[in-house]
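>>> sequence? don't have it. structure:
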């Protein structure tokens, strides 16, 4: 029986149309990337590999110098920049594409993010925090959006593992809906909806994938895609920048476990992950209440193709119930 489920925070609707006969193997797809064992440690044709440092500007290196392990550069084909164009405002609303677009590169060419050593995974997350702090200080920036695309279906144009960081002069609509929805819940019920969500998922257990001392991993009640996962800190914190060093190490452990589950159980699918964090408060319009918002990391495997119904209605169809997805991923 199909059913509509509403996201308790954003109020977006999802249609679940589960097929009782469907199994993970029914999502036919080639692996999103070559077998890492077939890739060289350094690919001399890859623009992200060591030896190509002079071909692009270095924004940050960890550690600095020849032996860097994580490097941040401007995106060569940036979607945002600081070159102002002519602003137009007649009938349609237009604004200049001012902001920042950076690429975070992890050194090994042949090690997928899921299989990075914990120390390097933790360093990746530290650089996320550092860049978010840096970009948040730019006066035009209202939101910093951190993503990773894996596989061509996930939007990755290069095999070399990397992440992207966008700094935008406005708060994206989906994030705005979350922040406003959580604020309404806070003023209605006197608590954080995400903290309540953690309590509910621990109580129900049916959508739970991993219960770590610092983080909870579960398939969201109104997941947009099959096998979508949410990683959320158990301690209330509005911003990704609020995470302590020990919590960041825990997140490195959790992210490694979860990405390996997807790799092994879903045949290395293409995916996107992104971090939703409290917007930057540069203007009165974006001074949201930190008591009501709770940052989280979302992972969206790209196993299905959205059609006319989804694109025309903004109501996504998911053929795998979160309870089924979490049960499968929970298994060793």
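That came through fine. Quantities reported herein were computed from a predicted structural model and do not represent experimental measurements. Residues are numbered from 1 along each chain as shown.
>>> which SS state does the residue nearest the centre of the chain fall under?
Ranked by distance to the mean C-alpha position of the chain (CA atoms, centre = their mean), the top residue is residue 274 at 1.2 Å. Recorded secondary structure, residue 274: strand (DSSP: H, G, I helix; E, B strand; the rest coil).
>>> what about the residue nearest to it when sequence neighbours are not counted, distance to residue 272?
Leaving aside its sequence neighbours, residue 274 sits nearest to residue 147 (CB to CB, 6 or more residues apart in numbering; 4.4 Å). In this view, the C-beta of every residue, glycine as well, is placed from N, C-alpha and C. Here the criterion is CB to CB, to the nearest Å. By it, residue 147 lies 6 Å from residue 272.
>>> what is residue 272 paired to in the beta sheet?
When bridges are called by DSSP bridges, residue 272 pairs up with residue 149, residue 300.
>>> Could you give me the buried positions within the helix or strand of the chain with the lowest mean pLDDT?
Lowest mean confidence among the helices and strands of the chain (mean pLDDT, DSSP states H and E): helix 308-313, at a mean of 87. The neighbour-count check on helix 308-313 (16 or more other CB atoms under 10 Å) flags residue 310 as buried.
>>> ok now it, how far from the chain's centre?
Put simply, helix 308-313 sits 23 Å off its chain's centre (CA atoms, centre = their mean, to the nearest Å).
>>> Could you check the pLDDT of the residue nearest to the centre of the chain?
In this model, residue 274 is scored at 98, pLDDT.
>>> Just to check, it is in contact with residue 298?
Yes. Between residue 274 and residue 298 there is a contact under CB atoms under 8 Å: 5.7 Å.
>>> just to revisit the earlier point, give me the next element, helix or strand, following the least confident helix or strand of the chain.
Counting by DSSP states H and E, the next helix or strand C-terminal to helix 308-313 is strand 316-318.
>>> Show me the shaky parts of the stretch 201-332 of the chain.
282-287 (pLDDT under 70).
>>> at 90 what do you get?
280-289, 304-311, 314, 331-332 (pLDDT under 90).
>>> same question, the stretch 1-150 of the chain
1, 17-30, 32, 34, 37, 54-56, 75-100, 139-140.
>>> just to revisit the earlier point, in the helix or strand containing the residue nearest to residue 274, which residues are buried?
For residue 147, the enclosing helix or strand under DSSP H and E is strand 143-150. Using 16+ other CB under 10 Å as the burial criterion, the residues of strand 143-150 that qualify are 143-146, 148-150.
>>> swap in stretch 122-140?
Buried positions in stretch 122-140, judged by neighbour count with 16+ other CB under 10 Å: 122-129, 131-132, 134-136, 138.
>>> Could you identify the most distant pair in these?
Across the buried residues of stretch 122-140, the longest distance by CB to CB is 25.9 Å; it joins 122 and 138.
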